[in-house]
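Visitor: the sequence and its predicted three-dimensional model are supplied below.
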Amino acid sequence: MPDASSSLLTASSPWQGVMGQVSAYSALYHTVAGQEQARGRQFNAFLAELLRRGNLHDASSDQRGLHGRDEIDVHFTLGYTGCILEAKWERERVEASAIGKLKERLETRRPGVQGFFVSMSGYTKAVYGKAEYHAQILLLDRHHVEALVAGLFSADRLFHELLSVTSRRGGAYTSLADLLSTPTAAGEPLPALRSADQPPEGFPVCPEAGLAVSSILTADGPWTAGEVDGVAATGDGRLLWTTRDGVLQVTPDMGAGMWTAAPPLCHGPAFTEADGSMLVLVEEAAVRFRKGGSAAVAGGGFKGSRWLVPGPDSRGWVFASSGPRTPEGYGGHTLTQLATNLCDSVTWEVDFPGQIHQAVLTPAGALYIAGGGHSVTTDGERNWRCPHEHWADSAPLTPDAALAVGDRTVLLAGRSVQGFEKAVYAVNIHDHTPTLLLRLPNTTHITGFAHGPDDTVYLLTDIRGNAQTPRPYLLQLVLPPKMRR
């Protein structure tokens, strides 16, 4: 892989959108020892700018009180409510005494002024204990700040959500995981799925020689979970279906499902990490949900079409495309390697000048791009460059889904260029030779691929026809041995 210093996220990058916010935040995060005091002042200005960009337009930092008797780190107005915020970025957890000082400042302000406290290192157990019963000052931590930085929440929405949750249930602290959780999906009845030994009537499956196809699941009754936007494997035989209402965990051989911790309106397929954590794309951010119930931002600034990509290091990556880069600097394609925390994730620009339908990483680290009319294979050793002499004609379809199978084969599924029929092709990414594997007459939409057991592949489609609600249909493909390498 190329060195991280070649990425877009460098301390010298200008503030341009959310990517610029991530870059500026990373510079603060990696402050060298001995510069913590200077960072504190910079952090106040950073937060005020972040709030202004998030629709709290009057936010200002380092405001002196009457006769200079005190100093407010950040002041802003939320609706008709004046708010003061104390910010600490220190090594140790904040104790109750620091919060007590903010309470004293509130006593010199008119009734109704709301206090907020931000501690990047968290709080002591005593503070969390008191926060359950004393809610005059609402508490935020690093995860809330990074949610703002990465574009998961705008500032006005985050503070409104905090006020809404704490006024409804009490207490002064609401974790990021609790903010993202919703009773909607958990309270909805699970959508009904049934085993499908044969293709549903009117939706034939037409494999080419060498491909074996099995019908696994379909939905006959009304689908209650909204549009299905992605599918991924968990690694233990189950699948994650991204729906409008949340991410549904499905057991293919039983048709059983259960809701995960992911919120509604996620984008594209989820990704399961080696430790069982789940990555999802929400708004402009990648969010990691750990098994213990916590949530943290892993990356941000993902605009346009974006999806999680399994990487060669068994970690999640994100490909994002806002269309071809214009002479004015708009648009462009990026590839991000997600890390344990937001500031260690690394983003590179992919210089392909055309529209990109799908992009996928192979286990060996090659990036295959299926564009509008052309395809190309690149990798980190070439710094993800896509010179014109490496282009090839695309497979004869407009791909809605892609999956790397081994180091040289990529599966593509989408609408065939010959008409409205959906098809699946295998592409050799070295010589770009496409091989037709499967035709799906009357299939409405391709949702996605996922790896199955024993070198099989799942294909999730939608066969709603003229109906308004989705009708998922899950197939399992057994590829010819030569395509699994």
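Guide: In hand now; what should we look at? Residues are numbered from 1 along each chain as shown.
Visitor: buried residues in stretch 380-399?
Guide: Going by neighbour count (16 or more other C-beta atoms under 10 Å), the buried part of stretch 380-399 is 380, 384, 386, 391, 394, 395, 397, 398, 399. In this view, the C-beta of every residue, glycine as well, is placed from N, C-alpha and C.
Visitor: report the distance from it to the chain centre.
Guide: Relative to the chain's own centre, stretch 380-399 is displaced by 25 Å; criterion: C-alpha atoms, centre = their mean, to the nearest Å.
Visitor: what's the first-to-last distance across it?
Guide: Taking C-alpha to C-alpha, to the nearest Å as the measure, stretch 380-399 stretches 24 Å from start to finish.
Visitor: likewise stretch 458-466?
Guide: 24 Å.
Visitor: buried residues, it. List them.
Guide: Quick answer for stretch 458-466 (16+ other C-beta under 10 Å): 458, 459, 460, 461, 462, 463, 464.
Visitor: got a list of contacts for it?
Guide: Outside of stretch 458-466, the residues within contact range by C-beta atoms under 8 Å, 6 or more residues apart in numbering are 200, 202-203, 216, 218, 228, 231, 233, 239, 241, 252, 401, 413, 422, 424, 438, 440, 442-452, 470-477.
Visitor: quick check: mean pLDDT across it?
Guide: Mean pLDDT, stretch 458-466: 94.
Visitor: buried subset of the contacts of stretch 458-466, written for ChimeraX?
Guide: If you want just the buried ones from the contacts of stretch 458-466 in ChimeraX, going by 16+ other C-beta under 10 Å, the selection is:
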select :200,203,216,218,228,231,233,239,241,252,401,413,422,424,438,440,443,444,445,446,447,448,449,450,451,452,470,471,472,473,474,475,476,477
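Visitor: in strands only, show me the contacts of stretch 458-466.
Guide: Mapping those onto strands (DSSP state E) picks out 216, 218, 228, 231, 233, 239, 241, 401, 413, 422, 424, 438, 440, 445-451, 472-477.
Visitor: is it true that residue 249 touches residue 237?
Guide: No: if you go by C-beta atoms under 8 Å, residue 249 and residue 237 don't touch, sitting 10.9 Å apart.
Visitor: when those two are compared, which one has more neighbours?
Guide: Higher neighbour count among residue 249 and residue 237: residue 249, with 18 against 11, using other C-beta atoms under 10 Å.
Visitor: list the contacts of the more buried one.
Guide: Counting by C-beta under 8 Å, 6+ apart, residue 249 touches 234, 238, 239, 240, 241, 257, 258, 259, 260.
Visitor: pLDDT wise, what is it at?
Guide: pLDDT, residue 249: 92.
Visitor: whichever helix or strand it is part of versus strand 472-478: what angle between them?
Guide: Secondary structure assignment for residue 249, by DSSP states H and E: strand 246-251. Here strand 246-251 points in a direction 50 degrees away from that of strand 472-478 (axes from the mean of the first three to the mean of the last three C-alpha atoms, to 10 degrees).
Visitor: what strands flank the helix or strand following strand 246-251, and is each parallel or antiparallel?
Guide: Next helix or strand after strand 246-251 toward the C-terminus (DSSP H and E): strand 256-259. Sheet pairing for strand 256-259, assigned by DSSP bridges, gives strand 246-251 (antiparallel).
Visitor: so residue 26 sits in a helix?
Guide: Yes: under DSSP: H, G, I helix; E, B strand; the rest coil, residue 26 sits within a helix.
Visitor: how about it: what's its closest non-neighbour residue?
Guide: Leaving aside its chain neighbours, residue 26 sits nearest to residue 343 (4.3 Å; criterion: C-beta to C-beta, 6 or more residues apart in numbering).
Visitor: let's see the pLDDT reported for that neighbour.
Guide: For residue 343, the predicted pLDDT is 93.
Visitor: can I assume it sits in a helix?
Guide: Yes: judged by three-state DSSP, residue 343 forms part of a helix.
Visitor: count the residues that sit near it.
Guide: By the criterion of other C-beta under 10 Å, residue 343 has 17 neighbours.
Visitor: kindly report the same for residue 56.
Guide: 20.
Visitor: I'd say it and residue 81 touch.
Guide: No: contact criterion C-beta under 8 Å: residue 56 and residue 81 do not qualify, at 11.2 Å.
Visitor: give me the mean pLDDT for stretch 409-426.
Guide: Stretch 409-426 carries an average pLDDT of 92.
Visitor: give the buried residues for that stretch.
Guide: Burial within stretch 409-426, assessed by neighbour count using 16+ other C-beta under 10 Å, is assigned to 409-416, 422-426.
Visitor: need the max-distance pair from those.
Guide: Between any two of those, the greatest separation by C-beta to C-beta is 21.0 Å, found for 409 and 415.
Visitor: contacting residues around the residue nearest to residue 26?
Guide: For residue 343, the contact set (C-beta under 8 Å, 6+ apart) comprises 22, 25, 26, 29, 30.
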